[in-house]
Structures are given as structure tokens and as C-alpha cells.
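J.: Sequence first, predicted model second:
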Amino acid sequence: GESVGLHLPTLSVQEGDNSIINCAYSNSASDYFIWYKQESGKGPQFIIDIRSNMDKRQGQRVTVLLNKTVKHLSLQIAATQPGDSAVYFCAENGHQGSSNTGKLIFGQGTTLQVKP
Amino acid sequence: ETGVTQSPTHLIKTRGQQVTLRCSSQSGHNTVSWYQQALGQGPQFIFQYYREEENGRGNFPPRFSGLQFPNYSSELNVNALELDDSALYLCASSPPLAGNIPDTQYFGPGTRLTVL
């Protein structure tokens, strides 16, 4: 079946440094990926997405990289701030054959801790 | 523009009872998905509603059911509650589907259900 995994459950960085959060997926047919940020007691908040026809996409202070060869994507956060402290999830759009199922498949999440 | 809203925010039920959770989709979104998030885990897809019909279902028993209304709002009903149903229940809405192309899902704050 499809699965999405993150390499590290916890990442601790110094304020001002860059953060890189990694994610691996299993389904080579996956064509859409989303990164979400979830703060304690809140729902997941959309950060950035990328489709499989792209290798890189940039937002404000965030960059997502997609490597389809090794089925890996990463989220880079520039100049990490205390407000970036949260759990980060990558999600993959589920497929049944070539059809989009409409469901998102989430990884376990990486907790980002920003030290002042 | 109003985001996804959910009610209630918290709920405590006892085993065997039934519960109804409610969701209002973001303005302009006609697709609603429901997810269950256990503590420390990523969200798990329950089902999706599109045009008032179920449009995909995850690995959840039939005692999990739902509805979507003409205004695109939705309900999640869970019968015969079990202790393991304790979780954060998330609703996500997404824009009208364009063919088989997946799109971003935007989440509400969730309903925290505790089953005693």
C-alpha cells in the first residue's frame, strides 16, 4: 500500500538557522504533495505544495524540493523563527491505479524545535 | 473569506454512545474530507464527500458515516463509540475538482473527542 514516512521525529535548530525536514514516499504514481504545519491544539495549516511535474517550488521563507527518482521530498525553512516551532507533516495524494482517490496520506510528522 | 469551521471544539462521550460532528467548508469549496488524528500520529483519511455523495472511503468501519448538505457543509456521525475513537477529528475542504487533478485541502481546527 501507499505510505509516507519522515526521517526524523524531532529536529532541533537554533533561531536564525535554516531547517530541513525530509519525507519519503512509496508510490511512484504520486503526483501531488503538500506540506502542513500543525501547532498544538490546532488543525494542520497549509504551507506549500508541489506537483510531480516540478522539482522545486518556493514560497515565503520556504522551499519544497521533490526528487522523484528516489521518491523523496524536503521542506526547507530559511532563517527559522520561534514561531516556526510545530509539527510538520508531508502528505501525498492517494491513488488507486491511475485515479486520484481524493484522500491525503500523511506521514508521522516531524517536531521542529527552535532554540532562542 | 471564511475558513473551515468545526463544532463543537471538544466533546466527551461514553462508550456505546453516538456522536455527530459538524463542519462548514471554506467559501467556494464543494468537497469535504474527514480525518481522524490520534495523539502523536498523522491524520488518517475517513471519507470524502462531493456533491452530497461519498467519494472515497478509508479503512474505517460502517459505524463511521457522514452527510454533505446542499450548502457543502458536512457531518460526521460515529455510532457505538469505542475507547479507541478518542482522537482529534479534522475536516478539510477543497475547491471544485478539475477532472482527475488533485487539489489542496484546507483544514479546520478539529473537534477533540474523548470517549470514556
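T.: Looks like it arrived, so ask away. Just so you know, these numbers come straight off a predicted model, no measurement behind them. Numbering: from 1, shown residues only, chains lettered A, B, ... in the order given.
J.: which other helices and strands contact the helix or strand of chain B with the lowest mean pLDDT?
T.: Lowest by mean pLDDT, DSSP states H and E among the helices and strands of chain B is strand B:53-57, with a mean of 90. If contacts are counted by 3 or more C-beta pairs under 8 Å, 6 or more residues apart in numbering or on different chains; DSSP states H and E, strand B:53-57 sits against strand A:99-106, strand B:44-50. (C-beta placed from N, C-alpha, C; glycine too.)
J.: Out of the ones you listed, which gets the lowest mean score?
T.: Lowest mean pLDDT of the helices and strands packed on strand B:53-57: strand A:99-106, a mean of 82.
J.: Run through who's touching that one.
T.: By C-beta atoms under 8 Å, 6 or more residues apart in numbering or on different chains, the surrounding residues in contact with strand A:99-106 are A:2-4, A:31, A:34, A:36, A:89-95, B:31, B:33, B:35, B:42-45, B:48, B:50, B:55-56, B:58, B:92, B:97, B:100-102, B:105.
J.: now swap in stretch A:57-75 and tell me
T.: By C-beta under 8 Å, 6+ apart, stretch A:57-75 touches A:19-28, A:30, A:33, A:35, A:47-50, A:52, A:54-56, A:76-79, A:88, A:90.
J.: filter those residues down to the ones close to chain B.
T.: Applying C-beta under 8 Å from any C-beta of the partner chain, the subset of those adjacent to chain B comprises A:D49.
J.: The contacts of stretch A:57-75 in strands, which ones?
T.: Within those, residues falling in strands by DSSP state E are A:19-25, A:33, A:35, A:47-50, A:56, A:76-77, A:88, A:90.
J.: count of residues packed around the residue in chain B positioned nearest to chain A?
T.: Per C-beta to the nearest C-beta, B:G42 is where chain B lies closest to chain A, at 3.2 Å. B:G42 has 22 neighbours, counted by other C-beta atoms under 10 Å in any protein chain shown.
J.: Please apply the same query to B:T14.
T.: Neighbour number of B:T14 under other C-beta under 10 Å is 10.
J.: for it, what are its contacts?
T.: Per C-beta under 8 Å, 6+ apart, neighbours of B:T14: B:L81, B:V115, B:L116.
J.: redo that, cut-off 10 Å
T.: B:T14 is in contact with B:L81, B:L83, B:T114, B:V115, B:L116, counting by C-beta atoms under 10 Å, 6 or more residues apart in numbering or on different chains.
J.: Selecting buried members of the residues you listed in PyMOL, what would you type?
T.: Listed next is the PyMOL selection for buried residues among these, using 16 or more other C-beta atoms under 10 Å in any protein chain shown:
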select buried, chain B and resi 81+115
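J.: near chain A too, which of the contacts of B:T14?
T.: Filtering the contacts of B:T14 for proximity to chain A by C-beta under 10 Å from any C-beta of the partner chain leaves nothing.
J.: Could you dump the contacts of B:T14 into a markdown table and include pLDDT?
T.: Output for the contacts of B:T14, formatted as a markdown table (pLDDT from 0 to 100):
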| residue | pLDDT |
| --- | --- |
| B:L81 | 98 |
| B:L83 | 98 |
| B:T114 | 98 |
| B:V115 | 98 |
| B:L116 | 97 |
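J.: of the ones in strands among the contacts of stretch A:57-75, buried ones?
T.: A:19, A:21-25, A:33, A:35, A:47-50, A:76-77, A:88, A:90.
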